[in-house]
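S.K.: coords please:
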Amino acid sequence: MALLTEDILRRKGASLQPLHFEVTRSDIRKYAVATGQREERFLRGDEAPLLFLFGALMPITPLAQLRADGHPPDDPLIPALPLERIMAGGSEYEVFGAIRPGDALTVRRTLKDIYEKEGSQGPLIFLVIENRFERAGGEAVAVERLTRIAR
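M.R.: Numbering: from 1, shown residues only. Below is the predicted model of the structure:
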């Protein structure tokens, strides 16, 4: 099999520049309404639902500019791969505290692992991306580990 070249494997551990953003009550409320939240703490904007953080990472990209797999064209953490169809492979979360309006957060994105396996319909490449959300001073709020599968 050996689809992963040394150049691709060297990308393991690559990180992007930290992204800084402030959580606003208005953004929490908009997210809560858009995602059908029912808890008043979310609808009032007192606290953000966990997946609110996922939206913070999504660039605003016109649909016509997205790749066929739905990813933005310039996601620098995903290297050029010999298998081009990328699918979601699951998410894991560790939560250390509530996300509140006024929180100034930093997210650090790292490609933690790249490996390949033989699937029932052919080879697969797995990419594990870690998104670590922190408050000032490095206090972790949440860690998200995303697995992407190329086939």
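
S.K.: roughly how far apart are the closest residue to Ala98 other than its chain neighbours and Asp103?
M.R.: Nearest residue to Ala98, sequence neighbours excluded (C-beta to C-beta, 6 or more residues apart in numbering): Glu47, at 5.0 Å. For the C-beta atoms, the positions are set from N, CA and C on the backbone; glycine is no exception. Separation of Glu47 from Asp103 (C-beta to C-beta, to the nearest Å): 10 Å.

S.K.: tell me what the longest strand along the chain is packed against?
M.R.: Longest strand in the chain, counting residues (DSSP state E): strand 104-119. If you count contacts as 3 or more C-beta pairs under 8 Å, 6 or more residues apart in numbering; DSSP states H and E, strand 104-119 packs onto strand 19-22, helix 52-57, strand 122-135.

S.K.: quick one: contacts of the next helix-or-strand element following the last one?
M.R.: When you say that, I think you mean strand 122-135. Next in sequence after strand 122-135, counting helices and strands by DSSP states H and E, comes strand 140-150. Strand 140-150 is contacted from outside by 50, 53-54, 78, 81, 83-97, 99, 103, 105, 112, 124-135, using C-beta atoms under 8 Å, 6 or more residues apart in numbering.

S.K.: longest helix in this protein, please.
M.R.: Counting by DSSP state H, the longest helix found in the chain is helix 25-34.

S.K.: buried set for that helix?
M.R.: Judged by neighbour count using 16 or more other C-beta atoms under 10 Å, the buried positions of helix 25-34 are Asp27, Ile28, Arg29, Tyr31, Ala32.

S.K.: the second one contacts Ala48, doesn't it?
M.R.: Meaning Ile28. Yes: with contact defined as C-beta atoms under 8 Å, Ile28 counts as touching Ala48 (4.7 Å).

S.K.: give me the common contacts of the two.
M.R.: Phe42.

S.K.: lovely, talk soon.
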